[in-house]
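J.: pasting the structure only:
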C-alpha cells in the first residue's frame, strides 16, 4: 500500500498547482479518479466532483470525502525527497502535502477498502486564497449529507468548527509632492495608513478572536511624498457577532485616523466564511473517533480559528468533520509528511468507510 501511495503522492506534488493554477493537476486527477472506476467531471468553476458505487454493502447513505487541489507559494518546481520514511521538499519550495497527501490517502483508501458506502469525492480549487472553489462548487451534484474533509494536520484531532473570517482591503489616497522642496503641499498616504494601523487592536483579542495587518505597500521614490498606500488586514472569531463587531470597529478606526490625517480612504470588506460548529457527538465526529480508536489513536474534537472548506460545507447543511492527513509544517519550505502517518490516515479512512456502510 505505502509504496504505491507514496509514489503517487510524489508524482502529484511535482505537478504545479499554486492557487489559481490548478487546471493541469485537476485534469491529471480526473484521469486518476476515472481509472479507479469513478464517474467524474469538472464543474463550471473547475472543481472536481466524482462518485463511486458502494462496495460490499447495500442501502447505505452516501458519504462525501473532500480535499483541495491548490497549494500555497512557493509551489512551482517542487521536487519531493523521500528520506528515512519522511517525504519533504528540496528545501526551496513547499512540499504540497497540504492537501495532496490527503488526496493520495483518499485514492488509496478507495483502492483498498473492502467495504464502503456510495462515496462522493470533491476536490476544490483556490482553497488557500479564500475558499473560492468550494464557494463556487456545483452543490447540485452532491447528494451526500455528511462526510469527512481530509485537511487537518494531526491524526489525533478532529476539527469540528471554524471562525467567521473577514478580509479587509484598504487603499489610502493622499497627495504627492517633492519631499525636500515642498512637502507641505503633499499628504503622506503612508503616514496616514500608519496612524490607522497603530490605532487598531491587533493580535489576540480574546480566546476565539484575532485581528492582523499582514501586508503594507506604498510609495514610489524615497524623495517623494507618497500619494497612495495599501494594506491588507483581517479579523476572525469563533463567535460571528464578535467578528462583525470587530470588523465594524476596525473599519471605523481606519476611516477616522486616515481622514484625520487629511487623506481619503477606500475600505473593502469581504466575509470569507461564517462561524460554524458541529456537535462533538455529531455522526461524522463519532465515526472518525471510532475509526481512529481502532488503530490506536485517541482523537479529540477541537475548534480552530483557521478556516477550511468544511465551514462552507457545514453552512450548506452537509455535516463535515475535518480529519488528519499527517502533514507537518504546512505553508513552509520545511513542510513534510511521514509515510507512517499517511498509512495510518488510510487505515483510519478505510475504517470510517466500513463504519459508514454498516
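T.: Right, received. Where do you want to start? As the structure is a prediction and not an experimental result, all values here were calculated from the model.
J.: Distance of residue 255 relative to residue 192?
T.: Distance, residue 255 to residue 192, using Cβ to Cβ, to the nearest Å: 11 Å. From N, CA and C alone the C-beta is placed, and that goes for glycine too.
J.: One more: residue 279?
T.: 47 Å.
J.: More neighbours: which of these two?
T.: Using other Cβ atoms under 10 Å, the more surrounded residue of residue 279 and residue 192 is residue 192, with 26 against 13.
J.: I'd say the more buried one and residue 172 touch.
T.: Yes - using Cβ atoms under 8 Å, residue 192 makes contact with residue 172 at a distance of 5.2 Å.
J.: Which residues are in contact with each of the two?
T.: Taking Cβ atoms under 8 Å, 6 or more residues apart in numbering as the contact rule, residue 192 and residue 172 both touch 229, 258, 263, 265.
J.: Against the centre of this protein, work out the most remote residue.
T.: Relative to the C-alpha centroid of the chain, counting by Cα atoms, centre = their mean, residue 181 is the outermost residue, at 49.2 Å.
J.: Doesn't it lie inside a strand?
T.: No - looking at residue 181 with DSSP: H, G, I helix; E, B strand; the rest coil, it is coil, so not inside a strand.
J.: quick one, phi psi at it?
T.: For residue 181, the backbone dihedrals are phi -90, psi -40 (criterion: degrees, to the nearest 10).
J.: mind listing what it touches?
T.: Residue 181 touches nothing, counting by Cβ under 8 Å, 6+ apart.
J.: ok, now residue 164?
T.: By Cβ under 8 Å, 6+ apart, the neighbours of residue 164 are 236-240, 243-244, 271, 273-275.
J.: okay, it: pLDDT?
T.: On pLDDT, residue 164 comes in at 96.
J.: which SS class is the closest residue to it other than its chain neighbours?
T.: With sequence-adjacent residues excluded and distances taken as Cβ to Cβ, 6 or more residues apart in numbering, residue 164 is closest to residue 243, at 3.8 Å. Here residue 243 is helix, with the state taken from three-state DSSP.
J.: My understanding was that residue 243 contacts residue 165; is that so?
T.: Yes - under the criterion of Cβ under 8 Å, residue 243 makes contact with residue 165 at 7.4 Å.
J.: Overlap in contacts, those two.
T.: Common neighbours of residue 243 and residue 165 (Cβ under 8 Å, 6+ apart) are 235-236.
J.: I'd assumed residue 47 was in contact with residue 138.
T.: Yes - Residue 138 is within contact range of residue 47, at 7.4 Å (criterion: Cβ under 8 Å).
J.: of these two, who's got more company?
T.: Between residue 138 and residue 47, residue 47 has the larger neighbour count (other Cβ under 10 Å), namely 25 against 14.
J.: need the contact list for the nearest residue to residue 42 once chain neighbours are set aside.
T.: In this structure, residue 42 finds its nearest non-sequential neighbour in residue 48, 5.8 Å apart by Cβ to Cβ, 6+ apart. By Cβ under 8 Å, 6+ apart, the contact list for residue 48 reads 26, 29-30, 33, 40-42, 69, 121-123.
J.: among these, who's most crowded?
T.: residue 123 (32 neighbours).
J.: that older thread, shared neighbours, residue 255 and residue 192?
T.: residue 265.
J.: For residue 122, which non-adjacent residue is spatially closest?
T.: Residue 122's closest residue in space is residue 66 (Cβ to Cβ, 6+ apart), at 4.5 Å.
J.: residues making contact with the helix or strand where the one you found lies?
T.: Element membership for residue 66, per DSSP states H and E: strand 63-68. Defining contact as Cβ under 8 Å, 6+ apart, one finds that strand 63-68 is touched by 99, 102-103, 106, 116-125, 127-128, 133-134, 142, 144, 146-151, 309-310, 313, 318, 320, 349, 352-353, 356.
J.: which residues touch whatever helix or strand comes next after it?
T.: Downstream of strand 63-68, the first helix or strand assigned by DSSP H and E is strand 81-83. For strand 81-83, the external contacting residues (Cβ under 8 Å, 6+ apart) are 6, 10, 87-90, 339.
J.: Of those, keep whichever come out buried.
T.: In terms of neighbour count (16 or more other Cβ atoms under 10 Å), the buried residues within the contacts of strand 81-83 are 6, 10, 87-89, 339.
J.: Which ones among the residues you listed map onto helices?
T.: Within those, membership in helices is found for 6, 10, 339, as judged by DSSP state H.
J.: quick one, phi psi at residue 203?
T.: phi 90, psi -150.
J.: Quick check: it touching residue 213?
T.: No - taking contacts as Cβ under 8 Å, residue 203 lies outside contact range of residue 213: 10.4 Å.
J.: Looking at these two, which is more packed in?
T.: residue 213 (18 against 8).
J.: Not including adjacent chain positions, what is the nearest residue to that one?
T.: residue 233 (4.6 Å).
J.: show me where pLDDT drops low in this protein?
T.: By pLDDT under 70, the low-scoring segments of the chain are 1.
J.: Can you report how many residues neighbour residue 290?
T.: Using other Cβ under 10 Å: residue 290 sits among 15 other residues.
J.: Any chance of the backbone angles for the nearest residue to it once chain neighbours are set aside?
T.: Leaving aside its chain neighbours, residue 290 sits nearest to residue 355 (5.9 Å; criterion: Cβ to Cβ, 6+ apart). Main-chain torsions, residue 355, degrees, to the nearest 10: phi -60, psi -40.
J.: how about the host helix or strand of residue 195: buried residues?
T.: Using DSSP H and E, residue 195 sits in helix 189-199. Under the neighbour-count criterion of 16+ other Cβ under 10 Å, helix 189-199 has 189-197 buried.
J.: This completes my enquiry, with thanks.
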